[in-house]
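Trainee: Let's see this in three dimensions:
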Amino acid sequence: RSRVPISAADVAKMMEAMGVDRVCCVDLHCGQIQGFFGPRTPVDNLWATPIAVSYFMTRELNNVAVVSPDAGGVARAKMFREGLEAQGMRASLAMIITQR
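Mentor: Modelled structure (predicted):
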């Protein structure tokens, strides 16, 4: 039996049907997901980059590479790399290309 993905719009509808009155997310893959919720359900999208940059700066890392799992995540990976470089850590940027 194959699995069928549940779209973000369906998840938003289910959450609202259950009575959720506020949603807090971390690093939404796509900011448009916030629009799937109705006007009475505010959505907060929190960014983990500042906390993650602080954490990795406490480590003694060499040859750092920030890797995006797909083309859609390149912008977030680039922001993360820029955060590391702003703190003095050199990092490369890479992307995984998936062919189906």
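
Trainee: Now the residue nearest in space to the middle of the chain: closest residue in space, sequence neighbours ignored.
Mentor: Central residue of the chain (C-alpha atoms, centre = their mean): residue 27, 3.2 Å from the mean position. Using C-beta to C-beta, 6 or more residues apart in numbering and skipping the chain neighbours, the partner closest in space to residue 27 is residue 48 (5.3 Å). From N, CA and C alone the C-beta is placed, and that goes for glycine too.

Trainee: Would you agree the one you found is in contact with residue 25?
Mentor: No. Taking contacts as C-beta atoms under 8 Å, residue 48 lies outside contact range of residue 25: 10.5 Å.

Trainee: For the helix ranked longest in the chain, name the packing helices and strands.
Mentor: Identified as the longest helix of the chain according to DSSP state H is helix 74-86. Secondary-structure packing of helix 74-86 (3 or more C-beta pairs under 8 Å, 6 or more residues apart in numbering; DSSP states H and E): helix 49-57, strand 64-68, strand 91-95.

Trainee: circling back: please report phi then psi for the residue nearest to residue 27.
Mentor: Per-residue torsions, residue 48: phi -90, psi -10 (degrees, to the nearest 10).

Trainee: Distance of it relative to residue 55?
Mentor: To residue 55, residue 48 is 10 Å away according to C-beta to C-beta, to the nearest Å.

Trainee: helix or strand right after whichever strand or helix holds residue 16?
Mentor: Under the criterion of DSSP states H and E, residue 16 resides in helix 8-17. Once helix 8-17 ends, the next helix or strand along the chain (criterion: DSSP H and E) is strand 23-26.
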